[in-house]
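S.K.: Below are the sequence and a predicted model for it; my questions follow.
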2 protein chains.
Amino acid sequence: MDPRLDLVFAALADPTRRAILTMLLEDDMAVTDVAEPFAMSLAAISKHLAILSRAGLISQEKRGRVKWCKLEPEALRDASIWMQAFGQFEAVDLDAFERFLEHEIRE
Amino acid sequence: MDPRLDLVFAALADPTRRAILTMLLEDDMAVTDVAEPFAMSLAAISKHLAILSRAGLISQEKRGRVKWCKLEPEALRDASIWMQAFGQFEAVDLDAFERFLEHEIRE
DNA sequence: GTTTTCGTCAACCAGACGGTTGAATATGCC
DNA sequence: GGCATATTCAACCGTCTGGTTGACGAAAAC
């Protein structure tokens, strides 16, 4: 069993981390800016980012005293392929998908 | 944030549980038969199955003294849709998928 | 060169996880 | 009825998780 899948799925299992990924979909962000909308300490967000980073879902690059976080969507590829085995999903319903994304961002 | 996604991704984060799902892809199975190939107690497998069940990834139906486990691939649908947001994946590489499945079965 | 800002580290906490063992509960068989 | 089979329950254990706070180091600002 691919242990990288363990890390990716475990990283995705937390709503805070999924929200962070959604934010990074817009643009790269500094750690402090990532933390801003959440009602938890900077240290907690820093840990979440470390978990996302270990899973390969984001990369972090320090420029000056600011650490920039960048989405790395390729890491989701293996996980996505794995899931195809079970779904035999028909092509994704794009309307439902748009509704879903709106819902996701609102939360 | 959709808490059902928490359960689905957390369930997928464990290699034993992903192996169980792969087995159930073949056919429905009784709990004892699910447990057979694993080097751990029946009680442990029973717990794993409960987690998969809570996540909606399988259903369990008791017939007589045997409890049958059935894959419920629809539960993966929302999770799969969520992941599409980040990948902008081109159509799944079926060759890579075949190789992956072979690798999966060998383990 | 002092002070502020950015981010991590360390220690701690409560709770969940993944496993064990042993007892308990059904159901089926003779 | 009495025994074997299938599965879960209960208690326990060590480890990981998700959060806190406070101290710390490095870069920037003034």
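M.R.: Yep, it's here. Residues are numbered from 1 along each chain as shown, chains lettered A, B, ... in the order given.

S.K.: Now do the SS call for the residue most central in space within chain A.
M.R.: Nearest residue to the geometric centre of chain A (CA atoms, centre = their mean): residue A:21, 3.1 Å. When classified by DSSP: H, G, I helix; E, B strand; the rest coil, residue A:21 comes out as helix.

S.K.: how about low-confidence regions in chain A?
M.R.: Scanning chain A for pLDDT under 70 picks out A:1-2, A:84-107.

S.K.: one step back: does the residue nearest to the centre of chain A touch residue A:52 like I think?
M.R.: Yes: between residue A:21 and residue A:52 there is a contact under CB atoms under 8 Å: 7.1 Å. To be clear about C-beta, it is placed using only N, CA and C from the backbone, and glycine gets the same treatment.

S.K.: shared neighbours, those two?
M.R.: Here residue A:21 and residue A:52 share the contacting residues residue A:58, scored by CB atoms under 8 Å, 6 or more residues apart in numbering or on different chains.

S.K.: how about residue A:69, secondary structure?
M.R.: Residue A:69 - assigned by three-state DSSP - is strand.

S.K.: Could you list the residues of chain A in contact with DNA strand D?
M.R.: Proximity of chain A to DNA strand D, by CB under 7 Å from any atom of the strand, involves residues A:10, A:13-14, A:16, A:39-41, A:43-44, A:47-48, A:51, A:64-65.

S.K.: which stretches of chain A form helices?
M.R.: Under the criterion DSSP state H, chain A contains helices at A:3-12, A:15-26, A:31-35, A:42-54, A:75-87, A:94-106.

S.K.: Ok, which of the ones you listed comes nearest residue B:58?
M.R.: Nearest to residue B:58 among the helices of chain A is helix A:75-87; the distance by CB to CB comes to 10.5 Å.

S.K.: Please list the residues of chain A that sit near DNA strand C.
M.R.: Counting by CB under 7 Å from any atom of the strand, chain A sits next to DNA strand C at A:30-33, A:42-43, A:46, A:49-50, A:60, A:65-68.

S.K.: List phi and psi for residue A:57.
M.R.: Dihedral pair for residue A:57: phi -80, psi -20, per degrees, to the nearest 10.

S.K.: who's in contact with it?
M.R.: Contacts of residue A:57 by CB under 8 Å, 6+ apart are A:8, A:11, A:12, A:21, A:71, A:72, A:75, A:76.

S.K.: ok, now which ones touch the closest residue to it other than its chain neighbours?
M.R.: Computed as CB to CB, 6 or more residues apart in numbering or on different chains, the closest residue to residue A:57 that is not its neighbour in sequence is residue A:75, at 4.9 Å. Neighbouring residues of residue A:75 by CB under 8 Å, 6+ apart: A:4, A:8, A:55, A:56, A:57.

S.K.: From chain B, how far out is the third one?
M.R.: According to CB to the nearest CB, to the nearest Å, residue A:55 and chain B sit 10 Å apart.

S.K.: my guess is that residue contacts residue A:10, does it?
M.R.: Yes: the criterion here is CB under 8 Å, and residue A:55 meets it with residue A:10 at 7.3 Å.
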